[in-house]
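J.: Pasting the sequence and the predicted coordinates here, then a few questions.
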Amino acid sequence: MSQPKPQTVMPEPAVGLDAVSKCYRRGDEVVHVLDHFSFTVAPGEFVALMAPSGSGKSTLLNLIGGLDQPDEGHIEVAGTDLGELGESARTRWRARNIGFIFQLYYLIPVLSAQRNVELPLLLQPMSRAERAKRVEAALTLTGLPHERHHFRPPELSGGQQQRVAIARAIVTDPPLLLCDEPTGDLDRQAGDEILGLLKTLNERLHKTIVMVTHDPHAATYAQKLVHLEKGLVGELRTG
């Protein structure tokens, strides 16, 4: 008698949006940014999201990161139903599970690179020695020259500032990185270096990455390309 074939157990998605809608009021006008939008990202996947301005891509990142809430639909990220969390619980969840990387870095100019990277760790119960160890590991991993660890952001190039921002995003070891135009303020060479770093974080550390970009070249670094048109998935290609 033949044995039944074992069933393949599919891993839960790192990001799952089901029929999500989001609208804003602009005076008397209601603007529908996302309209019953469904979207999944597998664990360890690097997804590039391309869309024209005003199409909802930044809103989508805010929803995935728990910074905003949908009007309708269901969002599950890193195994957590975000609709079941109150505001303070979402803040704690976000600190553990999400790393944000922005176009404009948002570093504190009067603090050194080390101190900027350390900031997320100050919210966690951790010794000073452990914080210092994690900060040095994150800065080393992102390739910032060691002598510049004590430099303040204005003393660093744009690419180096973005490396500090990425180190800050990964210092808590979150499973998911959300990147909003991470190379939009950089020249092509510096941008390629940052994109290569993101790809390394994806391949070596298995970070799940969702990256919003308007640059087709930047999108080639991702495993999957998703086009967002008027709040809907217009096209999806896997590389």
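T.: It's in. Residues are numbered from 1 along each chain as shown.

J.: residues in contact with Gly158?
T.: 185-187, 190 (CB atoms under 8 Å, 6 or more residues apart in numbering). For every residue, glycine as well, the C-beta is placed using N, CA and C.

J.: can you map out the strands along this protein?
T.: 15-26, 29-41, 46-50, 72-77, 80-81, 98-102, 176-180, 208-213, 224-229, 232-238 (DSSP state E).

J.: what mean pLDDT would you report for the shortest one?
T.: Which is strand 80-81. Mean pLDDT, taken over the full extent of strand 80-81, equals 92.

J.: What of the first one?
T.: Mean pLDDT, computed over strand 15-26, is 88.

J.: now do the longest one
T.: Rounded to a whole number, the mean pLDDT of strand 29-41 is 85.

J.: Would you pull up how far that strand lies from the middle of the chain?
T.: The chain centre lies 19 Å from the centre of strand 29-41; the measure is CA atoms, centre = their mean, to the nearest Å.

J.: Dump the C-alpha coordinates for that strand into PDB.
T.: Backbone C-alpha positions of strand 29-41 (Å, rounded to 0.1, in the frame of the first residue of the first chain) are rendered in PDB as follows:
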ATOM      1  CA  GLU A  29     -13.200  65.700  -1.800                       C
ATOM      2  CA  VAL A  30     -12.600  62.100  -0.800                       C
ATOM      3  CA  VAL A  31      -9.400  60.700  -2.300                       C
ATOM      4  CA  HIS A  32      -9.200  56.900  -2.600                       C
ATOM      5  CA  VAL A  33      -5.500  56.000  -2.300                       C
ATOM      6  CA  LEU A  34      -5.900  52.200  -2.000                       C
ATOM      7  CA  ASP A  35      -9.000  50.400  -3.200                       C
ATOM      8  CA  HIS A  36      -9.400  46.800  -2.000                       C
ATOM      9  CA  PHE A  37      -5.700  46.300  -2.400                       C
ATOM     10  CA  SER A  38      -4.300  42.700  -1.800                       C
ATOM     11  CA  PHE A  39      -0.600  42.100  -1.700                       C
ATOM     12  CA  THR A  40       1.700  39.400  -0.200                       C
ATOM     13  CA  VAL A  41       5.500  39.200   0.400                       C
END
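
J.: Thank you, goodbye.
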